[in-house]
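# Okay, here's the prediction I keep looking at, along with the sequence it came from:
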Amino acid sequence: MKTILINFIIAVLLMFAKTSFAEDVVFSQGSYQEILDKAKSGNKTIMIDFITDWCKWCVETDRKVYTNPEVSSFANAHQINWKIDAEKGEGPELAKKYGVKGFPTIVFANADGTEIDRIYGYVPADQFIIKMKDYNAGVNTYSSIKTQLETDPENPVYNYKMAEKITSNGLDGDVKMYLNNAIKFDPSNEKGYTDDAKFMLAYMNEDPNSLISLIREYPESEKVKDGYLNLASYYADKNNPKEAEKYFKEAFAKFGNNDFDIRQSYGGYLLGEGYSVMKNEKSTKDERKKAIKTLEKCVEYVKGTVNEASAYFMMSELYLQNKNIKKANECIDKSISIYDKKSYRDQKEKINKKVTKK
């Protein structure tokens with residue numbers, strides 16, 4: 001019995017050691033040329049992470065994606081991983097070379113620097129690992145889809161995938177043409193992409209009536225969730241919070257209150273509501289109090305992300321505008337504890353000056 005207990009304890013300790021000391025993605029140091037040489041000598045793919053000092057979703061990728069054991073295990077074994085600030089040193093020239101338009105942009109390239117494909121914006125770890133493995137295997141890449149389309153230009157699947165690739169990667173290309181081709185060459189939706197193409201066209205045309213009709217026509221489409229979120233975003237932009245809230249509510253009802261995409265989208269909407277009051281010099285004290293309540297609600301949806309820090313920062317500024325120094329200080333301290341960056345430290349200094357003047 002004693003031996004069994006000891007063996008059990010050892011097994012638990014080994015498991016704990018494995019999880020506790022799992023290595024994050026390791027990023028190589030050196031110049032671009034040195035990274036190319038390193039990839040060539042190791043016969044490995046290069047992952048170039050274009051970042052900036054101010055990119056909060058770059059921080060989120062560091063915190064939530066590169067710490068994921070499955071992501072780090074694969075990346076460290078199969079790739080030379082390299083970070084480059086797009087605004088410093090070699091960064092601007094390389095960002096131009098690869099056509100980087102936003103951050104984070106994570107380019108996967110061969111050892112000669114030729115791009116395989118990219119991940120544009122923040123992508124959760126479970127989706128990131130799929131894309132990373134595909135790109136290392138040469139599957140579902142921009143170049144492979146382009147080749148397939150050249151061979152079979154009337155294939156609805158390749159047309160749709162090209163449209164999606166251009167959109168998701170922030171590339172140049174006639175997206176509407178590919179979407180219309182996907183519909184034209186498969187009007188009965190046998191391949192299962194016609195509904196998706198119709199949804200994407202409705203997003204691009206900012207056509208809420210089409211979106212509403214498509215949600216009814218294709219209730220099980222993979223794009224229904226995006227349909228609700230696009231409707232909510234459309235009405236938020238039109239300064240119609242009643243309709244925006246309505247479509248967020250319908251999205252939560254269909255996909256559940258814990259859906260990550262909807263929670264982040266709704267949290268972003270609430271952030272926008274708070275921000276507009278914070279930046280409006282004509283906002284009243286009561287309007288700022290209401291905005292603080294909105295941001296407190298926002299925290300429930302963005303907890304654990306960099307947007308939580310943004311919400312507390314806005315609350316800090318709104319409290320400061322309402323001359324509540326104590327609460328302004330408490331909120332900015334929370335921001336800094338979540339994400340320590342210059343603008344938050346500057347806010348802390350601004351609050352401290354108010355205290356000193358007193």
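Received it, and whenever you're ready, just let me know what you need. Residues are numbered from 1 along each chain as shown.
# Look up how far Ile130 lies from Ser144.
From Ser144 across to Ile130, the span is 15 Å (CB to CB, to the nearest Å). The C-beta positions use only the backbone N, C-alpha and C, and glycine is treated the same way.
# Of those two, give the one with the bigger neighbour count.
Shown here are Ser144 and Ile130; by other CB atoms under 10 Å, Ser144 has more neighbours (19 against 13).
# Do I have it right that the more buried one meets Gly138?
Yes - the pair Ser144 and Gly138 passes the contact test of CB atoms under 8 Å, sitting 6.1 Å apart.
# For the residue nearest the centre of the chain, give me its contacts.
The chain has Tyr122 as the residue nearest its centroid, 2.4 Å off, counting by CA atoms, centre = their mean. For Tyr122, the contact set (CB atoms under 8 Å, 6 or more residues apart in numbering) comprises 57, 60-61, 65, 104.
# Of those, select the buried ones using a PyMOL command.
To isolate the buried ones among those in PyMOL, judged by 16 or more other CB atoms under 10 Å, type:
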select buried, resi 57+60+61+65+104
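# Which of the contacts of Tyr122 fall in strands?
Among the contacts of Tyr122, no member falls in strands (DSSP state E).
# Identify, from the contacts of Tyr122, the entry nearest to Asn352.
Glu60 (28.3 Å; CB to CB).
# Not counting its neighbours along the chain, what's nearest the closest one?
Among residues not flanking Glu60 along the chain, Val306 sits closest, at 5.0 Å (CB to CB, 6 or more residues apart in numbering).
# ditto for Tyr32
Glu90 (5.4 Å).
# Can you show me the strands along the chain?
Remark: strands assigned in the chain by DSSP E are 45-51, 79-85, 105-109, 115-120.
# want to throw those into CSV with distance to Lys249?
As requested, the strands of the chain are exported to CSV (distance: least, CB to CB, whole Å):
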stretch, distance to Lys249
strand 45-51, 36
strand 79-85, 40
strand 105-109, 34
strand 115-120, 30
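# mind putting the ones you listed in CSV, mean pLDDT and distance to Tyr234 included?
As requested, the strands of the chain are exported to CSV (pLDDT from 0 to 100; distance: least, CB to CB, whole Å):
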stretch, mean pLDDT, distance to Tyr234
strand 45-51, 98, 30
strand 79-85, 97, 35
strand 105-109, 97, 26
strand 115-120, 95, 22
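# With Asn257 as the reference, name the closest of those.
strand 115-120 (27.8 Å).
# helices and strands around that closest one, which ones?
When contacts are defined as 3 or more CB pairs under 8 Å, 6 or more residues apart in numbering; DSSP states H and E, strand 115-120 packs onto strand 105-109, helix 125-137, helix 142-151, helix 156-169.
# hey, which of those is tucked in deepest?
Highest mean neighbour count among the helices and strands packed on strand 115-120 (mean count of other CB atoms under 10 Å): strand 105-109, with a mean of 24.
# quick one, that one and helix 156-169 angle?
Computed by axes from the mean of the first three to the mean of the last three CA atoms, to 10 degrees, the angle separating strand 105-109 from helix 156-169 equals 130 degrees.
# distance between strand 105-109 and the chain's centre?
The chain centre lies 15 Å from the centre of strand 105-109; the measure is CA atoms, centre = their mean, to the nearest Å.
# who touches it?
Outside strand 105-109, the residues that reach it (CB under 8 Å, 6+ apart) are 45-50, 61, 79, 98, 100, 115-120, 132, 135-136, 170.
# Type out the ChimeraX command that picks the buried ones from those.
Selecting only the buried entries of these in ChimeraX, with 16+ other CB under 10 Å as the criterion:
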select :45,46,47,48,49,50,61,79,98,100,115,116,117,118,119,120,132,135,136
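# just to revisit the earlier point, run through the residues that contact the residue nearest to Glu60.
Shown in contact with Val306 (CB under 8 Å, 6+ apart): 56-57, 59-60, 63, 338-339.
# One more: Pro92?
For Pro92, the contacting residues are Ala86, by CB under 8 Å, 6+ apart.
# Could you tell me how far it is located from Glu222?
Per CB to CB, Pro92 is found 38 Å from Glu222.
# One more: Lys97?
Lys97 sits 34 Å away from Glu222, taking CB to CB as the criterion.
# For the nearest residue to the residue nearest to the centre of the chain once chain neighbours are set aside, which residues are in contact?
The spatially closest residue to Tyr122, leaving aside those adjacent along the chain, is Trp57, at 4.1 Å (CB to CB, 6+ apart). Trp57 sits next to 103-104, 121-122, 306 when contact means CB under 8 Å, 6+ apart.
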